[in-house]
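**Q** structure for this input, please:
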Amino acid sequence: MRVDVVMRYVGMVMLFIAGFMLLSAGISWLGGMDSSFYALLLAALLTALLGAFPLIFVEKKEQLTNKEGFCVVVASWLVACVVGTFPYLIWGGEFSLVNALFESVSGFTTTGATVLTDIEVLPRGMQFWRISTTWIGGMGVVMFALVILPSIGRSKMTLSNVELSTLAKDNYRYRTQIIVRILLVVYVGLTVLSSLSLRLAGMDWFDAVCHGMSACATSGFSTRNASIAYYNSPSIDAILVLVMTLAGIHFGLIYATVTGKRNNIFRSEVTRWYVGLLLAGAAVIAVTLYAAGLYPTFGTSLRYALFQFVSLVSTTGFATADTNLWPPLAVVLLIAGSIVCASAGSTSGGIKINRLVLAVKMMRARLRQQQHPNAVLRIRLDGVVQETEFLHTVMTFIVAYFMLIAAGTVFAALCGTDLTTAFTGSVAMLGNVGPGFGQVGSMNTYAELPAALKLFDSFLMLFGRLEIFGLIQLFFIKWWR
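**A** So this is what the prediction gives:
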């Protein structure tokens, strides 16, 4: 493997990230050159210098091997999280080294968890950088770089094939270069529309853009300590419910729907499961809340239930209520939604509804196979027959996912947290959801967790964003053929 070539492409990604740091410094300058200006400017120069170094000394190569492409993708994520700490550390405030790393990883992985006890004290430049990390991470550091940075030839295909999981690619019927453009067009278009809608609903321009970026990235980073509860607006809640729902749908299906293709949202089996899950879960939670007398009317109960359930299933993590106060049944459903989450090919994390559908069909096929041993059964998803090897991969992922949740729970308990916090925090970190329950509830932060647990949670977030095996394989790269 050519390490120098890998470093060259990682350097290009660093230049891309430095551009967003510079943009954040521009926001600071437009706002009167607040206290974050020099921190962001210095961080941008430092990141650009580190990124430019391998570009100067390493010759350009037209083609990457699969092994090199894999290393570029994983290394880009890791390096992005490291350089993302520069603005935080230079600015200071609550950002110790551990806190800065946690916040950076949370942003780039679109988890949206925070260690800040007072978000509103951050100057606007730093606020925008914080939101920028999560917007970049929503579509993927490498996927953005493939479109915006200068052409890197055939390597685009290698890199995008590593970045997009098999599940995510199922609904695309285009060449790799076009897939990358589709992703960006849908992502940017949804961000613009959501920002404009939030501005019309009453947010100021800065908050509207920041929350629009965060919602489309299914992150949940907010500019307010109380998250969306700060606005107490049914219209803002409704807009965000729609945006979060759309951001949890396969972007290829959204593009196909807008352009009038046949393989669209309305024909998608996975999307029907996803929307059905959202509606059914929200309805049951609303009945539970109303029966418990937490809200005066069923309509109000449905408003809060729908927002919180969509927020967690889409892995956005915005909050309009303190879910720690909700009845046990509502809490169980919210945790279940945080484990399953939305569709592959979207910006959400979690197991993905696609894998849940396949797991249900596999169990049903197993029962039928026992009843009819000689039957030849085929499992289909959206009309496509799934290969046995791929189905085994799905089940392996689900088993590994729950094993990591168990490991995270045990480690958190060893660090002294209660069982509710330990379990739901691990679910939220691995699923890139953000809020859990207990000490890390929807109206709380991760500030009080021990430093060792914050570091462990940072790794959980990366495992979730790189779908477990993407990160694990890095440690076995020398055995690749």
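
**Q** please state the offset of stretch 333-343 from the chain centre?
**A** Relative to the centre of its chain, stretch 333-343 is centred 13 Å away, using CA atoms, centre = their mean, to the nearest Å.

**Q** actually stretch 331-349, not the one I wrote
**A** That offset, for stretch 331-349, works out to 11 Å (CA atoms, centre = their mean).

**Q** list the buried residues of that stretch.
**A** Across stretch 331-349, burial judged by 16 or more other CB atoms under 10 Å covers 331, 333-335, 337-349. The C-beta positions use only the backbone N, C-alpha and C, and glycine is treated the same way.

**Q** and for stretch 370-382?
**A** In terms of neighbour count (16+ other CB under 10 Å), stretch 370-382 has its buried residues at Ile379, Leu381, Asp382.

**Q** those residues in strands, which ones?
**A** Using DSSP state E, the subset of the buried residues of stretch 370-382 located in strands is Leu381.

**Q** now, which of the buried residues of stretch 370-382 sits nearest Leu97?
**A** Leu97 lies nearest to Leu381 out of those, by CB to CB, at 44.3 Å.

**Q** the buried residues of stretch 370-382 into a markdown table, with extra columns for distance to Leu306 and pLDDT?
**A** Listed next are the buried residues of stretch 370-382 as a markdown table, based on distance: CB to CB, whole Å; pLDDT from 0 to 100:
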| residue | distance to Leu306 | pLDDT |
| --- | --- | --- |
| Ile379 | 32 | 86 |
| Leu381 | 27 | 82 |
| Asp382 | 26 | 79 |
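
**Q** could you dump the buried residues of stretch 370-382 to JSON lines with distance to Leu78?
**A** Shown next, in JSON lines, are the buried residues of stretch 370-382 (distance: CB to CB, whole Å):
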{"residue": "Ile379", "distance to Leu78": "36"}
{"residue": "Leu381", "distance to Leu78": "32"}
{"residue": "Asp382", "distance to Leu78": "34"}
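
**Q** the residue nearest the centre of the chain and Thr316, how far apart?
**A** Closest residue to the average C-alpha location of the chain: Thr110 at 3.6 Å, with CA atoms, centre = their mean. The gap separating Thr110 from Thr316 is 9 Å, by CB to CB, to the nearest Å.

**Q** need the residues touching each of those two.
**A** Here Thr110 and Thr316 have Thr218, Ser219 as joint contacts, going by CB atoms under 8 Å, 6 or more residues apart in numbering.

**Q** skipping its backbone neighbours, what lies nearest the residue nearest to the centre of the chain in space?
**A** Ser219 (4.2 Å; CB to CB, 6 or more residues apart in numbering).

**Q** burial count for that neighbour?
**A** 32 (other CB atoms under 10 Å).

**Q** I figured it hits Gly112, correct?
**A** Yes: assessed by CB atoms under 8 Å, Ser219 is found in contact with Gly112 at 4.1 Å.

**Q** any shared contact partners between these two?
**A** Between them, Ser219 and Gly112 share the contacting residues Thr134, Thr316, Gly317, Gly434, judged by CB under 8 Å, 6+ apart.

**Q** need those in CSV (columns: distance to Gly212).
**A** Compiled in CSV, those are given as follows (distance: CB to CB, whole Å):
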residue, distance to Gly212
Thr134, 12
Thr316, 12
Gly317, 15
Gly434, 17
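
**Q** highest neighbour count among those residues?
**A** Ranking the shared contacts of Ser219 and Gly112 using other CB under 10 Å puts Thr316 first, with 35 neighbours.

**Q** give the buried residues for the helix or strand hosting Val427.
**A** Element membership for Val427, per DSSP states H and E: helix 419-430. Residues of helix 419-430 classed as buried under the neighbour-count rule (16+ other CB under 10 Å) are Thr420, Thr421, Ala422, Phe423, Thr424, Gly425, Ser426, Val427, Ala428, Met429, Leu430.

**Q** from the buried residues of stretch 331-349, which ones fall inside helices?
**A** Val331, Leu333, Leu334, Ile335, Gly337, Ser338, Ile339, Val340 (DSSP state H).

**Q** these two touch, right, the fifth one and Thr315?
**A** No: with contact defined as CB under 8 Å, Gly337 does not reach Thr315; the gap is 9.5 Å.

**Q** how much space between the residue nearest to Thr110 and Ser36?
**A** Separation of Ser219 from Ser36 (CB to CB): 20 Å.

**Q** who does the helix or strand hosting Ser132 touch, helix- and strand-wise?
**A** If you go by DSSP H and E, Ser132 is part of helix 124-139. On a contact count with 3 or more CB pairs under 8 Å, 6 or more residues apart in numbering; DSSP states H and E, helix 124-139 meets helix 3-30, helix 37-57, helix 86-91, helix 97-108, helix 176-200, helix 205-216.

**Q** what about it, distance to the chain center?
**A** On CA atoms, centre = their mean, the centre of helix 124-139 falls 13 Å from the chain's centre.

**Q** check stretch 376-387 too.
**A** Mean-position distance between stretch 376-387 and its chain equals 28 Å (CA atoms, centre = their mean).

**Q** name the residues that touch that stretch?
**A** Under CB under 8 Å, 6+ apart, the answer for stretch 376-387 is 170-171, 263, 267-270, 354, 357-358, 361-362, 365, 368-369, 391.

**Q** can I get the buried residues of helix 419-430 in a markdown table with pLDDT and distance to His250?
**A** Below are these laid out as a markdown table (pLDDT from 0 to 100; distance: CB to CB, whole Å):
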| residue | pLDDT | distance to His250 |
| --- | --- | --- |
| Thr420 | 95 | 33 |
| Thr421 | 96 | 33 |
| Ala422 | 96 | 33 |
| Phe423 | 97 | 29 |
| Thr424 | 96 | 27 |
| Gly425 | 96 | 28 |
| Ser426 | 96 | 27 |
| Val427 | 97 | 23 |
| Ala428 | 96 | 23 |
| Met429 | 96 | 24 |
| Leu430 | 95 | 21 |
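
**Q** name the nearest of the residues you listed relative to Thr245.
**A** Nearest to Thr245 out of those is Ala428 (CB to CB; 19.6 Å).

**Q** okay, buried residues for the helix or strand hosting Val82 please.
**A** Take DSSP H and E as the rule and Val82 turns out to sit in helix 66-83. Neighbour counts over helix 66-83 (16+ other CB under 10 Å) mark 67-83 as buried.

**Q** cool, thanks, talk later.
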